[in-house]
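**Q** Mind looking at a prediction? Sequence and model below.
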Amino acid sequence: HKATDFKASKALLEEVFDVAVSNARAIDAGQEAADSSVLQSSLSAQQGTKIAAQPGDGSNTAIFVPGSTQLSSDAKQGLARQQEGAQTGDAALRIRTETLDSLTNFVGDASMNRSQMREDVLYIKGVVDDLYENVRRFSTQLRELEIEADSKITARSNDDIAVDRGAEFDPLEMDSYSKLQRLSRGLAENLDELGDIQSSLSRFVYKAENSLQKQDRLNRELQDEIMKVRLVSFGGIGPQLRQVVRATARELNKDVELELIGAEVRLDKTILDGVIPALEHMLRNCVDHGIENRSQRIKANKSKTGKISIECRQVAREIIINVRDDGRGLDLDKIRARAIAYNLLEPNQALKPEDILIYISKSGFSTASELTQISGRGVGMDVVQATLRRMSGSVAYDVDNQAGGSSFTIRLPISLAVSSAVFVTSGGEQFAISARTIDRVVNIGSNELISHLKADKQVLELGGQSFSLIDLADYLGYESKISIVEGKLPVILVSSGVQNIAVIVEELFNTHEIVIKGLGSHLGRIPIYSGATIRADGRVVLLVDLVGISYYESYVTMPEISGAVTHSIPNVMVVDDSITVRKSAERDITALGINAVLAKDGLDAQIQLRQEIPDMILLDIEMPRMDGFELLEWVKSEKLLKDIPVVMISSRATEKHINKATQLGCSAFLGKPYLLENLLEVFNQHLTLDAPLVLKNE
């Protein structure tokens, strides 16, 4: 009976706390406080009561209740510690977050300057090494010159010797030095001085390297100290998360408790504040969808009180948060039914557990029968995904969970300001990729990669896993060089929990510690870039967000419904060295509902044709590197390309040019500037279309 009273009093106090916090937030936002008359009545019934400790239980603690002026022993001890700390403890200083951000940026700038100085010192070191090699080679050559000069001692002459001593000594009694010998002696002295300069430079470079190492250590210590100031304990958000669980459980009439593991783990306050909305949404889903009501838990031989645990731990430079409950788990049948209803899954297709997150992350996807504030208002895990991606984080569903219920794992960087990155080259440009997003790197032959890219489904199978294959250069709009590279290329594997991707790059360099800079309000909207950094040589390098790419690729891999009406969209390649003509043709072609592929000359088109075969080629004649006639002749000589219709579009529309193009296999010839009606006629004649194309004004 006493335990029941204690539990009721505890629940009442928790409700009082939650209502007080909610009303305080409402008043702070300029809103009216919620009506708490019912709660005040319940509180009045408990007014003046006190649960006293039983004699002999070893405790002298009293619980403070409303209307009482008595403090518990713990409260008294805490007050005494505060008073003692105020008198003897160190003074505390409150620092604004903006100030810490500025300090972090300054440390980052100092690190970049140090990197630039290191690059300069390394350059000087290389110059000194070259100088040392030249001095050594010069010394060898000079020694050979001296030997050659000494072996050819000649009699003195009036041209070589200023004073004639022939009457006193003959050549065997005294050496007569020639002008060549005097020059060799002078060169030897200059070489000795040059060696001294080289030694001085070597000592300078050695001291500079030592100074840079000390500066590096000081920068790291300063950076770590500033980061420690920014770090807060994960347990600081415990009361807020418990309040969300209590309020949701109270509304659903369920008994749920929240366990926080790893409260002592410290992470960046910006990261912690950003992850709170995602955790709150996941906790509401756990209470609403995961935890059963009392009767269902009793039937399942579970305790009446459901349990949700949040475990936080740090692994290297990464924060891992695991959210799990002991409820019924995800309803796969309901998820599959909703996926079919949303045309995301075929009726006869099974739902793979590893693909669950792809579907529940779809915008608007919800398994709730009624849209309420608790069920997410019709918004599913896409909110969590979007929130985490803004912080370069990810969430994954634990398929191998053996404890029952559902389990999700969130991965976050320990800081958004400083990160480890791998620099890569793709399409002739350099990019940075966060090292924490990379699972592993494999090397695969270029011919094998090209064959996978040409397949209907660009998928790479490795270790029993399927990865969506992506050519990073082509994906970012740069000129791909896979077809001209011999040997193996590095492929970056990323398992983000939504869609596994394999990213092809041309070169991969070592990992470096970088300072991440924001892209501003305009460029920051581009989802595939999460920031930028500055290299030691002053170049600005974009940071590619592979997790964001995998998130968007998950929609590409959605299965198509077999009964749906499909439309064939042809691809037309435009080959012209004039960017104005290419853009104009692209605008006209896409307006007709046709995909346009652009190539800047014949060689560029040849490279692209090795990767993907279009349905038609619009070809100019006069182009650098490879003209239209050369490309047309090559296309007609290739077995896989010879059936592609090629339409020549050129200002050289003379009979001689038309005959030459016809002999090489041209399907049609249009003069510049072409008429859209003529282009439309060519498309209807040579392309396989579902229906003839017509102009919009017809």
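**A** Yes, it's here. Numbering: from 1, shown residues only.

**Q** For the helix or strand where Ser584 lies, name the packing helices and strands.
**A** Ser584 is part of helix 579-591 when elements are defined by DSSP states H and E. For helix 579-591, the elements it packs on are strand 571-575, strand 595-599, judged by 3 or more Cβ pairs under 8 Å, 6 or more residues apart in numbering; DSSP states H and E. For the C-beta atoms, the positions are set from N, CA and C on the backbone; glycine is no exception.

**Q** Identify the residue spatially nearest to Ile124, adjacent ones excluded.
**A** Nearest-residue entry for Ile124: Val205, 5.8 Å, with adjacent residues in sequence omitted and distances by Cβ to Cβ, 6 or more residues apart in numbering.

**Q** hmm, back to that, tell me the buried residues in the helix holding Ser584?
**A** Residues of helix 579-591 classed as buried: 581-582, 585-586, 588-589 (neighbour count, 16 or more other Cβ atoms under 10 Å).

**Q** which among these gets closest to Asn447?
**A** Taking Cβ to Cβ as the measure, Arg582 is the one of those closest to Asn447, at 29.6 Å.

**Q** OK, contacts around Pro413?
**A** In this structure, Pro413 makes contact with 271, 317-319, 391-393, 419, 434, 436, judged by Cβ atoms under 8 Å, 6 or more residues apart in numbering.

**Q** I'd like the distance between it and Ala661.
**A** 57 Å (Cβ to Cβ, to the nearest Å).

**Q** What are the boundaries of the strands in the stretch 551-698 of the chain?
**A** 571-575, 595-599, 616-619, 646-650, 668-671 (DSSP state E, counting those that start in this stretch).

**Q** ok now the fourth one, how far from the chain's centre?
**A** Spelled out, it's strand 646-650. Distance of strand 646-650 from the chain centroid (Cα atoms, centre = their mean, to the nearest Å) equals 42 Å.

**Q** That strand versus helix 579-591: what angle between them?
**A** The directions of strand 646-650 and helix 579-591 differ by 140 degrees, with axes from the mean of the first three to the mean of the last three Cα atoms, to 10 degrees as the criterion.

**Q** re earlier: now, the contacts of Pro413 that are in strands?
**A** Using DSSP state E, 318-319, 419, 434 are the members of these that sit in strands.

**Q** Just the buried ones among these, please.
**A** In the ones in strands among the contacts of Pro413, burial by neighbour count holds for 319, 419, 434, counting by 16+ other Cβ under 10 Å.

**Q** So for the last one, what's the pLDDT?
**A** Note for Ser434: predicted pLDDT of 86.

**Q** What of the first one?
**A** Reading off the confidence values, Ile319 has pLDDT 88.

**Q** shouldn't it be in contact with Leu416?
**A** No - with contact taken as Cβ atoms under 8 Å, Ile319 and Leu416 are classed as non-touching, separated by 11.5 Å.

**Q** Residues that sit against both of these two, list them.
**A** Between them, Ile319 and Leu416 share the neighbouring residues Ile271, with contact defined by Cβ under 8 Å, 6+ apart.

**Q** can you tell me how far Asn678 sits from Leu631?
**A** When Asn678 is compared with Leu631 (using Cβ to Cβ), they lie 22 Å apart.

**Q** Low-confidence bits of the stretch 551-698 of the chain, can you list those?
**A** 552-568, 695-698 (pLDDT under 70).

**Q** where do the helices sit along it?
**A** With helices called from DSSP state H, counting those that start in this stretch, the stretch 551-698 of the chain shows them at 579-591, 602-609, 628-637, 655-664, 676-686.

**Q** So which bits of the helix or strand harbouring Glu15 are buried?
**A** With elements taken from DSSP H and E, the one containing Glu15 is helix 2-28. Buried residues in helix 2-28, counted by 16+ other Cβ under 10 Å: 9, 12-13, 15-16, 18-19.

**Q** do stretch 204-216 as well
**A** The neighbour-count criterion (16+ other Cβ under 10 Å) identifies 205, 208, 212, 215 as the buried residues of stretch 204-216.

**Q** These into TSV, with extra columns for pLDDT, secondary structure and distance to Leu689?
**A** TSV is the format used below for the buried residues of stretch 204-216 (pLDDT from 0 to 100; DSSP: H, G, I helix; E, B strand; the rest coil; distance: Cβ to Cβ, whole Å):
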residue	pLDDT	secondary structure	distance to Leu689
Val205	85	helix	69
Ala208	86	helix	69
Leu212	83	helix	65
Gln215	83	helix	66
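
**Q** and the two most separated of these?
**A** Within these, Val205 and Gln215 form the most distant pair, 15.1 Å apart (Cβ to Cβ).

**Q** sec struct for Arg324, please.
**A** Using DSSP: H, G, I helix; E, B strand; the rest coil, the structure places Arg324 in strand.

**Q** any idea how far Asn447 is from Val575?
**A** On the measure of Cβ to Cβ, Val575 and Asn447 end up 25 Å apart.

**Q** More neighbours: which of the two?
**A** In terms of neighbours (other Cβ atoms under 10 Å), Val575 is the more surrounded of Val575 and Asn447; the figures are 28 against 13.

**Q** For the more buried one, list each beta-bridge partner.
**A** As for beta bridges, Val575 partners with Ala599, Leu619 under DSSP bridges.

**Q** Show the contacting residues for it.
**A** Going by Cβ under 8 Å, 6+ apart, the list of residues near Val575 reads 599, 601-602, 604-605, 617-620, 623, 628, 631.

**Q** does Gly531 sit in a helix or strand, and which one?
**A** In the assignment (DSSP H and E), Gly531 maps to strand 529-534.

**Q** same deal with Ile340?
**A** Secondary structure (DSSP H and E) places Ile340 in helix 332-341.

**Q** So which bits of that helix are buried?
**A** 335-336, 338-340.

**Q** And Asn678 and Leu631? Which one has more around it.
**A** The residue with more neighbours, out of Asn678 and Leu631 and counting by other Cβ under 10 Å, is Leu631; that gives 27 against 14.

**Q** Apart from its neighbours in sequence, what residue is nearest the more buried one?
**A** Gly602 (3.8 Å).
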